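Undergrad: with the input below, show me the fold.
(4 chains)
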2 protein chains.
Amino acid sequence: MGMAAYKGQVKNIQDTPFGYTLSVIGGKWKMVIIYLLAENQPVRFNDLKRQIGSITFKVLSSQLKELESDGLIERKEYPQIPPKVEYRLTAKAETLLPVLEGLCEWGARNQNK
Amino acid sequence: MGMAAYKGQVKNIQDTPFGYTLSVIGGKWKMVIIYLLAENQPVRFNDLKRQIGSITFKVLSSQLKELESDGLIERKEYPQIPPKVEYRLTAKAETLLPVLEGLCEWGARNQNK
DNA sequence: ATAGGTACTATCAGAAAGGATAGTGTCAAT
DNA sequence: ATTGACACTATCCTTTCTGATAGTACCTAT
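TA: Numbers count the residues shown, from 1 in each chain, chains lettered A, B, ... in the order given. Down below sits the predicted model:
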């Protein structure tokens, strides 16, 4: 199983398991966000922005929204002033971590060849 | 290690192991191509096109070139008429297969939730 | 003579992703 | 009074990705 889902013709990769996984982690910053959250949960918005460095507000905001709607992160808003919002990984995201480790390890071994 | 490469600020994800792996497999069709090659090597150009179905010549051609320049596939041209070109996976690509299996399995388990 | 197969390339167009910049409302500190 | 922190949103622009369509050069089969 797994990759056997590609038997026959492929119409929309989005509908295959691989396509789904990539749609969830394939954004330019998603993996970085997941990693940073895994390291020190929970994290606040501007904190995340500072840690990533070169991302813009808009892009960080849209990536977080997508991760949230894909069920990988939880957003918790504290109704106070100044506002406070915390992000943390869901259980679903935790099951992704070993897979991401695999991607990183393969990358580390093959990057400079 | 692995994901620890994200310590500190991230300038270019391309330079991280994860970014490298995604740059190599992240194209819309690359995973499909790798899977089909893994299933029945070697494969010829038009054969691949027929199996994938909805890809265009141009896109297939460019994805194959990128995979080749990333060292994942080998292109062998037979100087005859009509022309014949065969594609197959390299040893480097074979080491990627378990990682791709991981992506697919996670996707299969989480796709419809 | 026409159609079809081989492996493509070239050109143009549209969609999607990502980035730059500015602004919102409230409060605390200087 | 100004600055800065918080968590964003809105608008516009550029870059990248993907797709549609047509065409090349040669051969074989009908």
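
Undergrad: quick one, phi/psi of residue A:77?
TA: Dihedral pair for residue A:77: phi -100, psi 130, per degrees, to the nearest 10.

Undergrad: which helix or strand contains the closest residue to it other than its chain neighbours?
TA: Excluding its sequence neighbours, the residue lying closest to residue A:77 (C-beta to C-beta, 6 or more residues apart in numbering or on different chains) is residue A:85, at 5.0 Å. Heads up, the C-betas are built off the backbone N, CA and C, glycines and all. Here residue A:85 sits within strand A:84-89, counting by DSSP states H and E.

Undergrad: just checking, what packs against the helix or strand following that strand?
TA: Sequence order places helix A:91-110 as the next helix or strand after strand A:84-89, per DSSP H and E. For helix A:91-110, the helices and strands in contact under the criterion 3 or more C-beta pairs under 8 Å, 6 or more residues apart in numbering or on different chains; DSSP states H and E are helix A:17-25, helix A:30-39, helix B:17-25, helix B:91-110.

Undergrad: by how many degrees do the first one and helix A:30-39 diverge?
TA: Using axes from the mean of the first three to the mean of the last three C-alpha atoms, to 10 degrees, the interaxial angle of helix A:17-25 with respect to helix A:30-39 works out to 70 degrees.

Undergrad: what lines up beside the strand holding residue A:85 in the sheet?
TA: strand A:43-44 (antiparallel), strand A:73-78 (antiparallel) (DSSP bridges).

Undergrad: run through who's touching it.
TA: With contact meaning C-beta atoms under 8 Å, 6 or more residues apart in numbering or on different chains, strand A:84-89 is reached by A:34, A:37-38, A:41-45, A:48, A:64, A:72-78.

Undergrad: and the residue nearest to residue A:77, how many neighbours does it have?
TA: Residue A:85 is flanked by 14 other residues according to other C-beta atoms under 10 Å in any protein chain shown.

Undergrad: what of residue A:57?
TA: Residue A:57 has 10 neighbours, counted by other C-beta under 10 Å.

Undergrad: can you tell me how far it is from residue A:82?
TA: Distance, residue A:57 to residue A:82, by C-beta to C-beta, to the nearest Å: 16 Å.

Undergrad: residue A:43 pairs with what?
TA: Counting by DSSP bridges, residue A:43 forms beta bridges with residue A:87.

Undergrad: tell me, how many residues neighbour it?
TA: Residues lying near residue A:43 (other C-beta under 10 Å) number 20.

Undergrad: quick one, what contacts it?
TA: Shown in contact with residue A:43 (C-beta under 8 Å, 6+ apart): A:36-37, A:51, A:86-88.

Undergrad: got the confidence number for it?
TA: Per-residue confidence (pLDDT) for residue A:43: 96.

Undergrad: separation between it and residue B:34?
TA: 35 Å.

Undergrad: ok, now which ones touch the residue nearest the centre of chain A?
TA: For chain A, residue A:30 is the residue whose C-alpha lies nearest the centre (C-alpha atoms, centre = their mean; 3.6 Å). Counting by C-beta under 8 Å, 6+ apart, residue A:30 touches A:24, A:63, A:66-67.

Undergrad: give me every residue in chain A lying close to DNA strand C.
TA: A:27-29, A:54-59, A:63, A:81-83 (C-beta under 7 Å from any atom of the strand).

Undergrad: residue B:97: which of those is nearest?
TA: residue A:27 (24.2 Å; C-beta to C-beta).

Undergrad: correct me if wrong: the closest one contacts residue A:63.
TA: Yes: at 5.4 Å, residue A:27 counts as touching residue A:63 under the criterion of C-beta atoms under 8 Å.
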